[in-house]
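Asker: take a look and give me a structure for this.
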Amino acid sequence: MTHAFDIPEILSLICEQAQLERHDLVRLLTTTRLFFHFAVPRVWGSLPDSAPKILIKLLPNSDNYLKRTFDDALIKRLQPLDAGSLARFDIYAPHVKQVERHRLNQSSDIMWDRLLKLVDRRPILPNLEILNISLATFGADTVHDPNTYLSAHLTPKLIEFNEFEIVPRGVNSFMGPHCFHDVVSAVAQQCPHIKLLKLSSNVTFSVGINPTLEAELANSLDRLRHLHTLKLGKTTLGPEILAAMGRLPDLKILDLGDVASSLGITSLPHSSFPALQHLGMELSFINDSISTNSVWSITATARRIKSISVCTKDCNYFNIDNLARNICQYSPFVTSLCLAYDHSYNYDSVFSPELINILAQLPLQRLCILGNNSRYKERWDSGRFAIAFQNLECLTIIGYEFTFMDFKNIAKHMPQPRQLSASVEIIRWPSKHIITSLALTASPSQLCLYFGVAGFLLRAPDELRREEILDQKLEAIAAGLHAFWPKGLICEAYEVPDSLNNEEPSYTDKINATLEQLRRDDGHGNETQVTLQDHARRCNPSWFKIFDAE
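Answerer: Got it, this is the predicted structure:
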């Protein structure tokens, strides 16, 4: 009789479909050779920041190499191990598909150096597909020889190269132009199938960009024929570089850092960016209509773009409204828009009447607004907004506290929203008793609410009374939300922490529990929760996030 664990298809289903934790899969490795075959790729596919220590443990006498007090003289004399000593390493290394390397993680970097001296394999992980790596550091320049630093990790199978910043938020990291060129050139030469290239460091040019260097950069970019996502930090985009980007046949997502230094660039051929769907930009200043026109003419294909994200700094309300006009003029078919003006000033409302009128010209389905996280002098006209954007499916507004009236207007005038991210103004929210006495218009849609509590520092004589008041407020919020979206609503947290302390149930848990009880009281089951959660995962494409371009 055949044992179930001897059937490959069953083992494959267990490893691929069962919701097993990594440590459970590790235990399965020793069950049978067939289990080993199916479980190893899932266990070893993605290694954390401690990857070099994990890999060193596959080597003979690994404890010696892992010692912190390893003598510097001995480290210098480390020699590559022979093939016999690499037998275990050669079994596991080909299964690693994703790895991270942090320059500021000194212990990890030291272990990488030791590992690369002991294992004479280039690339050291032959089937690596995703590389997350930091090249620039806070207060220091990039590595002097990026080719040497990267060569051990670049493989012909690499499809994602993500250079991320690990400096404090708001502090820029920098990369010299020659280093930038070397990185792009190395990726172009050694990773012919690369699909995603993200270089977050700002590239500094003392006096513009050297024509020879620009030509070489353009040539390297021309070789990235399979690239579909390109993200660059602040840099100078010369005509040849932009032209090379425009010739990439599969480029769908282009995310540029501060492009102020690229103003005045002439328009590109209309055949440029044939596949471009999303354009992201960061603007550190918008002085007048001429400058915003210059920025937007970076691509002659702006009319074909369906998605835009712009992060602005040091702008006033006139600049923001003018930017919105340019988007409407040059990209009238945009259905997804992210607009961040959290560093704006003299802006009295999260949505001015003028901004509502301008953006209402677009056929928007997804809208994300990141305000300045302060109390605005004027409340926005949420009724006017809801009437203007009746086709919105996903709405995110950060930096503004939604009131009961705002939710009322959205439920009444916007029939299609499926996802809403909002901070709720809790103190002036009406009581549950008042809500039940109101005649409210219910929305025909189901909603997933990414929920944050604003103004929850309630005054009370003691902590117990404060928690009691808060629970009453949360019940009132649940009652109002259920009245507005009776066909189904769930809450998920976008703020951490989501409770007064770690031992208490979260705000969203309490609201969801109340919503579930209200649905049962109405004679409805909880069948909507799964479909809502599934939809929340699908609602926004991967690039539609609360501005990760920092």
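Asker: so where's the stretch 451-550 of the chain shaky on pLDDT?
Answerer: For the stretch 451-550 of the chain, the stretches with pLDDT under 70 are 453-466, 495-504, 524-550.
Asker: redo that, cut-off 80
Answerer: For the stretch 451-550 of the chain, residues meeting the criterion pLDDT under 80 lie at 452-467, 494-505, 523-550.
Asker: excluding sequence neighbours, find me the nearest residue to H95.
Answerer: Nearest non-adjacent residue to H95, counting by Cβ to Cβ, 6 or more residues apart in numbering: W44, 4.1 Å away. Backbone N, C-alpha and C define where each C-beta goes, glycine included.
Asker: and the one you found, how many neighbours does it have?
Answerer: Number of residues near W44 (other Cβ atoms under 10 Å) recorded here: 23.
Asker: my read: it touches Q98, true?
Answerer: No: the pair W44 and Q98 does not pass the contact test of Cβ atoms under 8 Å, sitting 9.9 Å apart.
Asker: circling back: for the residue nearest to H95, give me its contacts.
Answerer: Taking Cβ atoms under 8 Å, 6 or more residues apart in numbering, we find W44 in contact with Y92, H95, V96.
Asker: V183: how many residues sit nearby?
Answerer: Around V183 there are 26 other residues, counting by other Cβ under 10 Å.
Asker: equivalent analysis for the one 3 residues further on, please.
Answerer: Residue neighbour count, defined by other Cβ under 10 Å, stands at 19 for A186.
Asker: T148 is in contact with that one, correct?
Answerer: No: A186 is beyond contact range of T148, at 9.7 Å (criterion: Cβ under 8 Å).
Asker: A243 and S185, how far apart?
Answerer: Distance, A243 to S185, by Cβ to Cβ, to the nearest Å: 18 Å.
Asker: now swap in I110 and tell me
Answerer: Taken as Cβ to Cβ, the span from I110 to S185 is 28 Å.
Asker: the two - which one has more neighbours?
Answerer: Applying other Cβ under 10 Å to I110 and S185 shows that S185 carries more neighbours, namely 18 against 14.
Asker: what's the end-to-end length of stretch 249-268?
Answerer: End-to-end distance of stretch 249-268 (Cα to Cα, to the nearest Å): 15 Å.
Asker: same question, stretch 228-246
Answerer: 12 Å.
Asker: average pLDDT for it?
Answerer: Mean per-residue pLDDT for stretch 228-246: 85.
Asker: any buried residues in it, and which?
Answerer: Across stretch 228-246, burial judged by 16 or more other Cβ atoms under 10 Å covers 228-238, 240-242, 244-246.
Asker: likewise for stretch 312-322?
Answerer: Neighbour count says stretch 312-322 has T312, K313, C315, Y317, N319, I320, D321, N322 buried, by 16+ other Cβ under 10 Å.
Asker: tell me which entries of those residues lie within strands.
Answerer: The subset of these located in strands under the criterion DSSP state E comprises T312, K313, C315.
Asker: in CSV, list those residues along with distance to F389 and pLDDT.
Answerer: Putting those into CSV (distance: Cβ to Cβ, whole Å; pLDDT from 0 to 100) gives the following:
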residue, distance to F389, pLDDT
T312, 21, 80
K313, 26, 72
C315, 22, 71
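Asker: as JSON lines, the residues you listed with distance to K157 would be great.
Answerer: Output for those, formatted as JSON lines (distance: Cβ to Cβ, whole Å):
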{"residue": "T312", "distance to K157": "39"}
{"residue": "K313", "distance to K157": "39"}
{"residue": "C315", "distance to K157": "43"}
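Asker: closest to D521 among these?
Answerer: Lowest distance from D521 to those (Cβ to Cβ) belongs to T312, with 46.7 Å.
Asker: hang on, the closest one packs against N319?
Answerer: Yes: contact between T312 and N319 holds when scored by Cβ under 8 Å: they sit 7.0 Å apart.
Asker: flag every buried residue along the helix or strand harbouring L217.
Answerer: In this assignment (DSSP states H and E), L217 forms part of helix 211-222. For helix 211-222, the neighbour count (16+ other Cβ under 10 Å) marks L213, E214, E216, L217, A218, S220, L221 as buried.
Asker: isn't L242 right next to L256, touching?
Answerer: No: if you go by Cβ under 8 Å, L242 and L256 don't touch, sitting 9.9 Å apart.
Asker: ok, what's across the strand from V99?
Answerer: As for beta bridges, V99 partners with L131 under DSSP bridges.
Asker: that one - how many residues pack around it?
Answerer: Neighbour tally, V99, other Cβ under 10 Å: 23.
Asker: show me the contacts for it.
Answerer: Per Cβ under 8 Å, 6+ apart, neighbours of V99: S46, L47, A51, L125, L128, I130, L131, N132, H153.
Asker: would you list these in TSV and tack on neighbour count, distance to S62 and pLDDT?
Answerer: Formatted as TSV, the contacts of V99 follow (neighbours: other Cβ atoms under 10 Å; distance: Cβ to Cβ, whole Å; pLDDT from 0 to 100):
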residue	neighbour count	distance to S62	pLDDT
S46	16	21	91
L47	21	16	90
A51	20	14	93
L125	26	17	96
L128	25	21	97
I130	17	26	97
L131	24	24	96
N132	17	25	93
H153	20	21	94
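Asker: those: which two are farthest apart?
Answerer: S46 and H153 (14.4 Å).
Asker: same for the helix or strand containing Y400, what does it pack against?
Answerer: Per DSSP H and E, Y400 falls inside strand 394-402. Judged by 3 or more Cβ pairs under 8 Å, 6 or more residues apart in numbering; DSSP states H and E, strand 394-402 is in contact with strand 366-370, strand 419-425.
Asker: can I get the ones you listed in TSV including mean neighbour count, mean pLDDT and distance to L518?
Answerer: Output for those, formatted as TSV (neighbours: other Cβ atoms under 10 Å; pLDDT from 0 to 100; distance: least, Cβ to Cβ, whole Å):
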stretch	mean neighbour count	mean pLDDT	distance to L518
strand 366-370	21	91	29
strand 419-425	21	89	17
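Asker: in TSV: those strands, plus distance to P274.
Answerer: Listed next are those as TSV, based on distance: least, Cβ to Cβ, whole Å:
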stretch	distance to P274
strand 366-370	24
strand 419-425	31
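Asker: closest to R88 out of those?
Answerer: Nearest to R88 among these is strand 419-425; the distance by Cβ to Cβ comes to 47.3 Å.
Asker: next helix or strand past that closest one?
Answerer: As assigned by DSSP H and E, the chain's next helix or strand after strand 419-425 is helix 432-436.
Asker: buried stuff in that next one?
Answerer: For helix 432-436, the neighbour count (16+ other Cβ under 10 Å) marks K432, I435 as buried.
Asker: burial count for Q446?
Answerer: Applying other Cβ under 10 Å, I find that Q446 has 18 neighbouring residues.
Asker: the nearest residue to it once chain neighbours are set aside: neighbour count?
Answerer: For Q446, ignoring the flanking residues on the chain, the nearest one in space by Cβ to Cβ, 6+ apart is G488 at 3.9 Å. Per other Cβ under 10 Å, the neighbour tally for G488 reads 19.
Asker: isn't G488 up against L449?
Answerer: No: judged on Cβ under 8 Å, G488 makes no contact with L449 at a distance of 11.1 Å.
Asker: now the angle from the longest helix seen in the chain to strand 419-425?
Answerer: As assigned by DSSP state H, the longest helix anywhere in the chain is helix 463-484. For helix 463-484 against strand 419-425, the angle by axes from the mean of the first three to the mean of the last three Cα atoms, to 10 degrees is 140 degrees.
Asker: sheet partners, orientation included, of whatever helix or strand comes next after helix 463-484?
Answerer: Downstream of helix 463-484, the next assigned helix or strand under DSSP H and E is strand 489-493. Paired neighbours of strand 489-493 in the sheet (DSSP bridges): strand 447-454 (parallel).
Asker: what's around the closest residue to R103 other than its chain neighbours, how many residues?
Answerer: Nearest residue to R103 in three dimensions, chain neighbours excluded: S134, at 4.7 Å (Cβ to Cβ, 6+ apart). Neighbour count for S134, taken as other Cβ under 10 Å: 23.
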